[in-house]
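Chemist: I would like the atomic coordinates for the input below:
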Amino acid sequence: MKEDEHLIEALGKTRILVRNGKVVEIGEPKIDYCPLFDKYRGIKEITPEAAKENIEFRIKDFGMCTPQRILKMKDFLSFGVSETLGTLLQDNIIDCAVIVSEGCGTVIITDPEMVQGMAGRISAFLSTSPIKEIIDKIGPKNVLNAENAEIDQIKGVLKAIKMGYKNIAVSVISTQDAKKLREIEKEHKDINIYIFAAHVSEMSKKDAESLFDSADVITGCASKYIREVGEKRNVFKAGASIPIYGVSEAGEKFLKRRIEKIGGLKQKKDAKIPKPLI
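Modeler: Numbers count the residues shown, from 1 in each chain. Just a heads-up that it's a prediction; the model follows:
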């Protein structure tokens, strides 16, 4: 097993390295303000110090990046990707969700509360290393690679297909992965792959256009071009501060089901948005 090391892109797309449960390196944020972190954590300005404190809070609060990690949680945000995936699993619309979490990498999950607990309160993990206690709780057979906690959503979906799942939801952060997954879906006639794209800030206009051709659900994050393309395409949109787009027919249906589950969304007239959009 490699050293206990986890590289995260967290609030404001700040690169943070956690080693042995401690924040050891911290980069510069690319975004100064995020309405979600303002609302839930009172962070008015994203600085390296604020990013470090937030990650330390998560380590202490639910054991992020440690063997003490709490894997099951109830809804955190009322409306987000992991909450929507949890609802779809609960209602037997999807068979499994292929997600990424620390200490295990790409995993195949069927428990709604586990999807929420593992993916709902973390940022994007660019790399991670195996944590035995986490892998044991998930079940090694549900982990893409228990030896090195590999992150590879394409391989994760192929493994889910091999395990016999037919309706597979998968989280992606790149247009390339979304395109490749559509090709895999075409090769497997009886398989439905539902693509949920998140962590898309800093995406180029070309990639944003391409993502709207492949994905089912896309979060707006602090992406200038995702928001631009979303408006232009006139697809279903929910939320104002951080919009989520139901791009395909399935994606729209999924978001509407989640909205119904939580009793509707409040429409804000003067919603705050991330600054700057990148």
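Chemist: only C-alpha atoms for contact and neighbour calcs from this point on.
Modeler: Will do.
Chemist: what's the longest helix in the protein?
Modeler: Taking DSSP state H as the criterion, the chain has its longest helix at helix 48-62.
Chemist: And the contacts of that one?
Modeler: With contacts defined as Cα atoms under 8 Å, 6 or more residues apart in numbering, helix 48-62 is touched by 10-11, 14, 16, 21-23, 26-29, 43, 64-66, 68-70.
Chemist: Identify those among the residues you listed that sit within strands.
Modeler: Among the contacts of helix 48-62, the members found in strands (DSSP state E) are 10, 14, 16, 22-23, 26.
Chemist: returning to that earlier point: filter the contacts of helix 48-62 down to just the buried residues.
Modeler: Taking 16 or more other Cα atoms under 10 Å as the criterion, what is buried in these is 10-11, 14, 16, 21, 23, 26-27, 29, 43, 64-66, 69-70.
Chemist: and of those, the nearest to Ile195?
Modeler: Ala10 (21.6 Å; Cα to Cα).
Chemist: residues contacting that closest one?
Modeler: When contacts are counted by Cα under 8 Å, 6+ apart, Ala10 touches 16, 51, 122-124.
Chemist: Turn these into JSON lines, including distance to Ala146 and pLDDT.
Modeler: Output for these, formatted as JSON lines (distance: Cα to Cα, whole Å; pLDDT from 0 to 100):
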{"residue": "Ile16", "distance to Ala146": "23", "pLDDT": "97"}
{"residue": "Ala51", "distance to Ala146": "29", "pLDDT": "95"}
{"residue": "Ile122", "distance to Ala146": "20", "pLDDT": "90"}
{"residue": "Ser123", "distance to Ala146": "21", "pLDDT": "88"}
{"residue": "Ala124", "distance to Ala146": "19", "pLDDT": "94"}
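Chemist: before we move on, back to that, which residues touch whichever helix or strand comes after the longest helix of the chain?
Modeler: Next along the chain after helix 48-62, taking DSSP states H and E as the criterion, comes helix 81-90. Contacts to helix 81-90, defined as Cα under 8 Å, 6+ apart, come from residues 75-77, 94-97, 110-113, 115-116, 119-120, 169, 196, 198, 219, 254-255, 257-258, 261.
Chemist: and the spatially most central residue of the chain, backbone torsions?
Modeler: The centroid of the chain falls nearest to Ala198 when counting by Cα atoms, centre = their mean (5.3 Å). Phi and psi for Ala198, reported as degrees, to the nearest 10, are phi -140, psi 180.
Chemist: Isn't it up against Thr175?
Modeler: No: at 10.6 Å, Ala198 and Thr175 do not qualify as touching, with contact defined as Cα atoms under 8 Å.
Chemist: what number of residues lie near Asp95?
Modeler: 20 (other Cα atoms under 10 Å).
Chemist: Write the ChimeraX selection for whichever of the contacts of helix 81-90 are buried.
Modeler: This is how ChimeraX selects the buried members of those, with burial counted by 16+ other Cα under 10 Å:
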select :75,94,95,96,97,110,111,112,113,115,116,119,120,169,196,198,219,254,255,257,258
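Chemist: now, which of the contacts of helix 81-90 lie within helices?
Modeler: Checking those against DSSP H, those in helices are 112-113, 115-116, 119, 254-255, 257-258, 261.
Chemist: got any ranges where this structure has weak pLDDT?
Modeler: 1-2, 75-77, 268 (pLDDT under 70).
Chemist: repeat that with 50
Modeler: 1 (pLDDT under 50).
Chemist: quick one: buried residues of the helix or strand containing Lys186?
Modeler: Per DSSP H and E, Lys186 falls inside helix 175-187. Neighbour-count burial for helix 175-187, counted by 16+ other Cα under 10 Å, picks out 175, 177-179, 181-182, 184-185.
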